[in-house]
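Enquirer: Below is the structure, and that's it, no one-letter string:
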């Protein structure tokens, strides 16, 4: 009879390839699928787990610098190809592809701006651009950012992220470690505050130079921080390595960094510390 017959439902098969790649992403901590729109609205921090996805340089500026106060500097600097490097692809072609992909000229954006009304000299690295590797332009822009702070008597704030030196420039990239470190030394003589924020990942030559020399070193939760990779260290030392020894949490426990600060709290925390530095300097007659 009609009321005992089963209704027929049409079935729709949804393939993974049919789902737009920019609609959902997976949280590395929980494995849950996260809606990209909600993730972007929360500055690329997963609301449930707190996992911090990478954030582009323009969005970092929007997050940390007061609206309408950022003035980009040194935007005309361009990387050259002094070694005429060529492997599977040329360095010149890689630069063009990354410039088109990111709409940046290189892996760092620097300039002047305010953090909660405190004027600073600011630079932020963008991992999307060749892994934020440090070549001659990145090193020069970081150095100029520090020197600009000295010239204008402003604190220097740098948000670091990097896979290391830019091998396409050979020795020119390695020289940036010494150049940026020397600039930090000059800044320290002025007693102006130097704040570094380590994000995921900050490795190799960047971590071995200006990123580890801050008066205050903050890090985002779960950030990978170190010099060489785990496998290289293990093969070199021939020892078992502690679990998570290159995470921000491990390095905080062992004294390399000062605080771990969630991304959404960074602006307020940096401002608080800059005010504390200012009061401390003002009260110290030496």
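Expert: Nice, thanks for sending it over. Model, not experiment: these values are computed from the prediction. Numbering: from 1, shown residues only.
Enquirer: Report the beta-bridge partners for the closest residue to residue 216 other than its chain neighbours.
Expert: Sequence neighbours aside, residue 195 is the residue nearest to residue 216 in space, at 4.8 Å (criterion: Cβ to Cβ, 6 or more residues apart in numbering). The way it works is simple: take the backbone N, C-alpha and C, and place the C-beta from them, glycine included. Per DSSP bridges, the residues bridged to residue 195 are residue 157, residue 216.
Enquirer: need the helices for the stretch 1-150 of the chain, in chain order.
Expert: With DSSP state H, counting those that start in this stretch as the criterion, the stretch 1-150 of the chain has helices at 36-41, 57-64, 91-102, 136-152.
Enquirer: tell me what the shortest one is packed against?
Expert: What it means is helix 36-41. For helix 36-41, the packing partners by 3 or more Cβ pairs under 8 Å, 6 or more residues apart in numbering; DSSP states H and E come out as strand 24-26.
Enquirer: again with the last one
Expert: Helices and strands in packing contact with helix 136-152 are listed as strand 71-73, strand 108-115, strand 118-125, strand 156-162, helix 171-190; criterion 3+ Cβ pairs under 8 Å, 6+ apart.
Enquirer: Which SSE is immediately downstream of the helix or strand bottoming out on mean pLDDT in the chain?
Expert: When the helices and strands of the chain are compared on mean pLDDT, DSSP states H and E, helix 230-237 comes out lowest with a mean of 63. Next helix or strand after helix 230-237 toward the C-terminus (DSSP states H and E): helix 248-253.
Enquirer: Now the element after that following helix, going C-ward?
Expert: strand 259-260.
Enquirer: Could you list the paired strands of that following strand along with their orientation?
Expert: Strands that pair with strand 259-260, judged by DSSP bridges, come out as strand 216-219 (parallel).
Enquirer: roughly how far is the partner strand from the heart of the chain?
Expert: Once both centres are worked out by Cα atoms, centre = their mean, to the nearest Å, strand 216-219 turns out to sit 12 Å from its chain's centre.
Enquirer: Tell me which residues are up against that strand.
Expert: For strand 216-219, contacts defined as Cβ atoms under 8 Å, 6 or more residues apart in numbering pick out 193-199, 225, 248, 251-252, 256-261, 266, 269-270, 273, 277.
Enquirer: 10 Å - rerun?
Expert: For strand 216-219, the external contacting residues (Cβ atoms under 10 Å, 6 or more residues apart in numbering) are 155, 157, 159-160, 193-200, 202, 211, 225, 247-249, 251-252, 256-261, 266, 269-270, 273-274, 276-277.
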